[in-house]
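Asker: Sequence first, predicted coordinates after that:
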Amino acid sequence: MPNTSVNNSAIKQPEPWNKHKLIGQKPPLRLKEIWAIRIRLQLANNIRELALFNLAIDSKLRGCDLVKLRVRDISHGTRVVSRAMILQQKTHRPVQFEITEQTRNSISEWINKAGLRSEDYLFPSRNTPSPHISTRQYARIVKSWVSMIGLDPDDYGTHSMRRTKATLIYRRTKNLRAVQLLLGHTKLESTVRYLGIEVDDALEIAEKTEV
C-alpha cells in the first residue's frame, strides 16, 4: 500500500495574523501630534474631518458612540453646547463630555456647510446605505490622519483618539477618578488598565533612578 502519512513539517503553516503588527493598546496622540493633524486639516479646508477630529479628542467616546451622534446630541437649537451627555452603547450608562470652544466652532461650521438638521446624524455616510459613517470608516479616517503626519498607521487606531485627552488629563493632574468619570468606566481598575498608567508611572520612576 502507498504511504499516505504526511510529513507535518513539510506543510506550510499559515502566517500568524499578528505577524509584523503591534499588539496591545494603541498609543494616544501626543500634544504636538494633535496640533500637527489639526493644522493640516485646517490648511486642507477639510471642515468635516476637522470637526470629527476635534470632537473625537474632546469627547473621549468609543468609535461606536461617536459615529452615532446626532446634531441634537451636541446642540440646543443652532448653538453647540459646551457639555453634552449620551448613553454609551457598550455599558448602557450615561457619560458626559466637554466640547471646547475650538471644537464648537469647527462643529458649527460643519453643520452649516452640510445643512444638517437637529435629527440628522452629525457625520452622515457618503458611500454606504448606513445613515452615518461606520466604525470601519472612522478607523480608516484615523489611519489617514496619523499617516499624513508621518506616523505608522498600524500603530494607531480609534482607541488612540479615545485615550488621547484622557491620558493628557491624567499626566497633568494624576486624578484617576476624574479620568474614570470622563471615560465612563464603571471600575477604577478598568481605567488603570486602559491608560496603562501603572506601567508608565513605573517606567518614569525607573528613568529617574540612577544606580
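Answerer: Done, it's in.
Asker: and residue 65, how far is that from residue 46?
Answerer: To residue 46, residue 65 is 22 Å away according to C-beta to C-beta, to the nearest Å. Every residue, glycine included, has its C-beta placed from N, CA and C.
Asker: quick one, phi psi at residue 70?
Answerer: The phi/psi pair for residue 70 (degrees, to the nearest 10) reads phi -100, psi 160.
Asker: about what we covered before: pick out whichever of residue 65 and residue 46 has more residues nearby.
Answerer: Set residue 65 next to residue 46 and count neighbours by other C-beta atoms under 10 Å: residue 65 wins out with 21 against 14.
Asker: Now name the helix or strand holding that one.
Answerer: helix 63-66 (DSSP states H and E).
Asker: Residues touching the next helix or strand after that helix, excluding its own?
Answerer: Sequence order places strand 75-76 as the next helix or strand after helix 63-66, per DSSP H and E. For strand 75-76, contacts defined as C-beta atoms under 8 Å, 6 or more residues apart in numbering pick out 81, 107, 111, 118.
Asker: now the last one, what's its secondary structure?
Answerer: Just to be clear, that refers to residue 118. coil (DSSP: H, G, I helix; E, B strand; the rest coil).
Asker: can you give me the strands in this protein?
Answerer: Per DSSP state E, the chain carries strands over the ranges 75-76, 79-80, 83-87, 94-98.
Asker: Counting only helices, which of the contacts of strand 75-76 make the cut?
Answerer: Counted as lying in helices by DSSP state H, out of those, are 107, 111.
Asker: Filter the contacts of strand 75-76 down to just the buried residues.
Answerer: Buried members of those, scored by 16 or more other C-beta atoms under 10 Å, are 107, 111.
Asker: Show me the residue sitting in the middle of this protein in space.
Answerer: Centroid-nearest residue in the chain: residue 161, 2.6 Å away (criterion: C-alpha atoms, centre = their mean).
Asker: burial of the nearest residue to it once chain neighbours are set aside, as a residue count?
Answerer: Distance criterion C-beta to C-beta, 6 or more residues apart in numbering; nearest residue to residue 161, sequence neighbours excluded, is residue 56 at 4.2 Å. Per other C-beta under 10 Å, the neighbour tally for residue 56 reads 25.
Asker: by contact count, what packs against the longest helix that the chain contains?
Answerer: Criterion DSSP H: the longest helix present in the chain is helix 158-173. The contact analysis (3 or more C-beta pairs under 8 Å, 6 or more residues apart in numbering; DSSP states H and E) places helix 158-173 against helix 47-59, helix 63-66, helix 135-147, helix 176-183, helix 188-195.
Asker: so which of the strands of the chain gets nearest residue 29?
Answerer: Closest approach to residue 29 among these is made by strand 94-98 (17.2 Å; C-beta to C-beta).
Asker: Can you give the strand pairings for that closest one, parallel or anti for each?
Answerer: Here strand 94-98 is paired, per DSSP bridges, with strand 83-87 (antiparallel).
Asker: what angle sits between the strand it pairs with and helix 47-59?
Answerer: Orientation check (axes from the mean of the first three to the mean of the last three C-alpha atoms, to 10 degrees): strand 83-87 against helix 47-59 gives 80 degrees.
Asker: Take strand 83-87, keep the C-alpha atoms, and write them as PDB.
Answerer: These are the backbone C-alpha positions of strand 83-87, laid out as PDB (Å, rounded to 0.1, in the frame of the first residue of the first chain):
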ATOM      1  CA  ARG A  83     -21.200  70.000  27.700                       C
ATOM      2  CA  ALA A  84     -23.100  67.000  26.400                       C
ATOM      3  CA  MET A  85     -24.300  63.600  27.700                       C
ATOM      4  CA  ILE A  86     -25.000  60.400  25.900                       C
ATOM      5  CA  LEU A  87     -25.900  56.800  26.800                       C
END
